[in-house]
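*Asks:* Model the structure of this input:
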Amino acid sequence: VTDQKLRMIKEDDDWVVVDKPGSIPVHPCGRYRHNSITFILAKEHGLKTVQTVHRLDRLTSGVLIFSKSAAKAREMEQVIKAREVEKVYVCRVVGEFPEGEVVCEESIEVISCKIGLCVV
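*Replies:* Model (predicted):
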């Protein structure tokens, strides 16, 4: 698990938005009971009742949205389900990436779960 601090992007009365580092799971699972985003939000930021609206895989870094109420979580889940939210994935490559749209249908191989290194 990374030693990066969890960065809060925005917090208001309804929402908490964080920049999730790679290697930390969103919620407690398996061997990650204390090193999860929801645990860190509760312990370090006093946000004990946030609702998970969506999740990112443990090895994936990115923006995570949590709601402060079940009603707001359901609202956002419906927006996501209706595909009214655009998701953008960015990756680091070795060499020069081709111009234009690239569709990858290859499987992703995990090289190191410890450091979050994957290859296609």
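*Asks:* hey, let's count contacts and neighbours off CA atoms from now on
*Replies:* Noted.
*Asks:* okay, residue 1: pLDDT?
*Replies:* The model reports residue 1 with a pLDDT of 64.
*Asks:* pull the CA atoms of the lengthiest helix in the chain into CSV?
*Replies:* In the chain, ranked by residue count with DSSP state H as the criterion, the top helix is helix 70-81. The C-alpha atoms that make up helix 70-81 are tabulated as CSV, following Å, rounded to 0.1, in the frame of the first residue of the first chain:
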residue,chain,number,x,y,z
ALA,A,70,-28.0,7.2,1.0
ALA,A,71,-30.5,9.3,-1.0
LYS,A,72,-27.7,11.3,-2.8
ALA,A,73,-25.9,8.0,-3.4
ARG,A,74,-28.9,6.6,-5.1
GLU,A,75,-29.3,9.7,-7.3
MET,A,76,-25.7,9.5,-8.5
GLU,A,77,-25.9,5.7,-9.0
GLN,A,78,-28.9,6.4,-11.4
VAL,A,79,-26.9,9.0,-13.3
ILE,A,80,-24.0,6.6,-13.7
LYS,A,81,-26.3,3.7,-14.6
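*Asks:* Check which helices and strands it sits against.
*Replies:* With contacts taken as 3 or more C-alpha pairs under 8 Å, 6 or more residues apart in numbering; DSSP states H and E, helix 70-81 sits against strand 51-52.
*Asks:* could you point out which element follows the strand it packs on?
*Replies:* strand 62-67 (DSSP states H and E).
*Asks:* so is residue 48 in a helix, a strand, or just coil?
*Replies:* Counting by DSSP: H, G, I helix; E, B strand; the rest coil, the backbone at residue 48 sits in coil.
*Asks:* ok, it touching residue 42?
*Replies:* Yes: counting by C-alpha atoms under 8 Å, residue 48 does reach residue 42; the two are 4.2 Å apart.
*Asks:* returning to that earlier point: could you check how far the helix or strand that the longest helix of the chain is followed by is from the centre of its chain?
*Replies:* Following helix 70-81 in sequence order, the next helix or strand is strand 109-112 (DSSP H and E). How far strand 109-112 lies from its chain's middle: 19 Å, per C-alpha atoms, centre = their mean, to the nearest Å.
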